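Trainee: turn this into a structure:
(2 chains)
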Amino acid sequence: AQRVTQPEKLLSVFKGAPVELKCNYSYSGSPELFWYVQYSRQRLQLLLRHISRESIKGFTADLNKGETSFHLKKPFAQEEDSAMYYCALGATSGSRLTFGEGTQLTVNP
Amino acid sequence: KAGVTQTPRYLIKTRGQQVTLSCSPISGHRSVSWYQQTPGQGLQFLFEYFSETQRNKGNFPGRFSGRQFSNSRSEMNVSTLELGDSALYLCASSPDIRAEKLFFGSGTQLSVL
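Mentor: Here you go, the predicted model:
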């Protein structure tokens, strides 16, 4: 069975500090992992996906198959990064996603 | 390009009633999936449609059903509403069956009294 765990429901950092949002997954096959973000009063949107190995808005995430993790990192947090972040695991076929419970990130001035 | 459109934005129903929610995908997108979002359970997959065929179904009772039309628009129906069905229902569309290009709508907020 697929499972995604985000251990922190709330995370608070100061502007300019590094931030890491944790995500662990459970999946027997080859995982497709994503980070989605929901800013206040906006719709859920894709932030980044492991397969593209890109950096979006300064965020990066590396898939660690040994530790079954896909943590989201940013070296210097900005106030506009305050949002709800969801880690998601894709199925081998289809567009079905299994979401973690989300981490509410607050970046304080 | 218009985004995923969900109607209505808000709904209030009473227990035992049924409800139909609508989703218009981004033009050219053929896959539509539905999710239920609640504070306690988070985001849970309901079902996925591609070319009018249901490809995947989540772990929800048979009261939850859906369909997709030839123009890719989708509807989901919940019959015999229960208080626990109160949630934000999100629709997502993608060009094909892959998860890497999902675009979400703003959702329909359903309140069951």
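
Trainee: which stretches of chain B have low pLDDT?
Mentor: B:1 (pLDDT under 70).

Trainee: next to chain A, which bits of it? Give me the list.
Mentor: Listed as neighbours of chain A in chain B under the rule CB under 8 Å from any CB of the partner chain: B:3-4, B:31, B:33, B:35, B:42-45, B:48, B:50, B:55-56, B:58, B:90, B:92, B:94, B:97-107. The way it works is simple: take the backbone N, C-alpha and C, and place the C-beta from them, glycine included.

Trainee: so which of the residues you listed are in strands?
Mentor: B:31, B:33, B:35, B:42-45, B:48, B:50, B:55-56, B:90, B:92, B:94, B:103-104 (DSSP state E).

Trainee: filter those residues down to the buried ones and hand me the ChimeraX line.
Mentor: Buried subset of those, written as a ChimeraX selection, criterion 16 or more other CB atoms under 10 Å in any protein chain shown:
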select /B:31,33,35,42,43,44,45,48,50,55,56,90,92,94,103,104
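
Trainee: can you pull the pLDDT of the residue in chain A that chain B sits nearest to?
Mentor: Chain B sits closest to residue A:90 of chain A, with a gap of 3.5 Å, by CB to the nearest CB. At residue A:90, the model reports a pLDDT of 89.

Trainee: cool, and the one 5 residues further on?
Mentor: Note on residue A:95: pLDDT of 76.

Trainee: helix, strand, or coil at it?
Mentor: coil (DSSP: H, G, I helix; E, B strand; the rest coil).

Trainee: who's in contact with it?
Mentor: B:31, B:33, B:48, B:92, B:94, B:97, B:98, B:99, B:102 (CB atoms under 8 Å, 6 or more residues apart in numbering or on different chains).

Trainee: how close does it sit to residue A:57?
Mentor: 24 Å (CB to CB, to the nearest Å).

Trainee: quick check: the two most widely separated of the ones in strands among the residues of chain B next to chain A?
Mentor: Greatest spatial distance among those (CB to CB): B:42 and B:50, at 24.4 Å.

Trainee: re the thing from before, could you dump the contacts of residue A:95 into CSV and include distance to residue B:78?
Mentor: Listed next are these as CSV, based on distance: CB to CB, whole Å:
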residue, distance to residue B:78
B:31, 21
B:33, 16
B:48, 17
B:92, 18
B:94, 23
B:97, 25
B:98, 28
B:99, 24
B:102, 22
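
Trainee: where does the prediction get shaky in chain A?
Mentor: A:92-93.

Trainee: what residues does it have near chain B?
Mentor: Taking CB under 8 Å from any CB as the test, the list of chain A residues beside chain B reads A:32, A:34, A:43-46, A:49, A:51, A:86, A:88, A:90-91, A:93-102.

Trainee: try 10 Å this time
Mentor: Neighbours of chain B within chain A, by CB under 10 Å from any CB of the partner chain: A:2, A:4, A:6, A:32-34, A:36, A:38, A:41-46, A:49-52, A:86, A:88-102.
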